[in-house]
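Enquirer: Generate a structure from the sequence data that follows.
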Amino acid sequence: MSTSNEKITKKMLQSIAKTFCVAHQHDDDARIAQSLVYNAGRLAWRMRENGVSTRQKTSVSDVVTEADEAAEFFVSHVLRTLRPDDGILGEEGASQASKSGKTWVIDPVDGTYNFASGSDYWCSALALVTGDPSAPETVHLGAVHRPAMGYTWFGGPEIPTTRDGQEVADIEDADAARVCLGTYIHPTWINDDTLLGCWRRVASTFATVRMLGAGSVDLASVADGTLGCWMQHSVKDWDWLPGKALVEAAGGVTAEVPAGGVVWKIAGPKTAVAQMTEALTC
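Expert: Numbering: from 1, shown residues only. I've put the predicted structure just below:
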């Protein structure tokens, strides 16, 4: 950890969180969620400007920085104060059992490899669910903030998806062949012929394919119409739930499809999702 960021982490985070709590103590969940991802993203951005240390988790492309950890600390500290009965599940280990039945699912920096490499394609993301996050009864809301663009997406079952407060257009139904697929497959899976065959069958049905490296930005882009569909296998709850809420609130469809020994998460217009499902399971 760099000296400057160590000072930020140890001396400032609790103070920043306390100030946030005072300012937002009377806010509802929607306002808190949007403000949290905005502030978490901006915190990570500022820390990167000062220089951050990076360490590997499971592979050279699966990394964590001190900014991830600081942003998650900030978000979880606020939620423990403002929503003490709610559960917490964070990518970097933040955890609290739920007394209310609700759980906040936190991805402090989604697209950390991009973030650590200096790319602008990353975000902070958050979802609120009822029930087990791995199979929630309800996904109440999703919030995603992409600092480089200044965008904050927000939506849920009773909240039409917005980007920076402006409601996005409803996702228009479309065939896969007419839209772009946002996707990802790790190089270690490319030698698995069964799994790669599933991926190929889907990808080959689309007009074009993009691999950009931040699932929540991808899904938010599906929600606002700048990306057609999305697909990835073995997706963690924090990489899926915020974007799932946004896509569904924009009139799109999401699905979880077992194929090739894994479960694929897919999202997009109704017809294209049905075509993707068929391609995966044929």
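
Enquirer: can we go C-alpha only for contacts and neighbour counts from here?
Expert: Will do.

Enquirer: Break down the stretch 1-150 of the chain into its helices, ranges please.
Expert: Applying DSSP state H, counting those that start in this stretch to the stretch 1-150 of the chain gives helices spanning 3-7, 13-24, 29-50, 66-82, 112-117.

Enquirer: What's opposite Glu256 in the beta bridge?
Expert: Lys265 (DSSP bridges).

Enquirer: Tell me which residues touch it, please.
Expert: Neighbouring residues of Glu256 by C-alpha atoms under 8 Å, 6 or more residues apart in numbering: 263-266.

Enquirer: now swap in Ala127 and tell me
Expert: Ala127 neighbours (C-alpha under 8 Å, 6+ apart): 33, 104-106, 139-143, 238, 241-242, 245.

Enquirer: Quick check: beta-bridge partners of it?
Expert: Val105, Gly142.

Enquirer: now Ser95
Expert: Residues in beta-bridge contact with Ser95 (DSSP bridges): Leu89.

Enquirer: For it, grab the count of nearby residues.
Expert: Ser95 has 16 neighbours, counted by other C-alpha atoms under 10 Å.

Enquirer: Surely it is in contact with Leu89?
Expert: Yes. Ser95 lies in contact with Leu89 (C-alpha atoms under 8 Å); the separation is 4.9 Å.

Enquirer: Need the residue closest to the centroid of the chain.
Expert: Ser216 (3.3 Å; C-alpha atoms, centre = their mean).

Enquirer: so which strand or helix has the residue nearest to that one when sequence neighbours are not counted?
Expert: Nearest residue to Ser216 in three dimensions, chain neighbours excluded: Gly243, at 5.3 Å (C-alpha to C-alpha, 6 or more residues apart in numbering). Using DSSP states H and E, the element containing Gly243 is helix 237-249.

Enquirer: How far does that helix sit from its chain's centre?
Expert: Relative to its chain's centre, helix 237-249 lies at 7 Å (C-alpha atoms, centre = their mean, to the nearest Å).

Enquirer: Kindly report the same for stretch 146-154.
Expert: On C-alpha atoms, centre = their mean, the centre of stretch 146-154 falls 12 Å from the chain's centre.

Enquirer: Next, the distance between the ends of that stretch.
Expert: 12 Å (C-alpha to C-alpha, to the nearest Å).

Enquirer: What of stretch 23-32?
Expert: Termini of stretch 23-32 sit 10 Å apart (C-alpha to C-alpha).

Enquirer: That's all I had, so thanks and see you.
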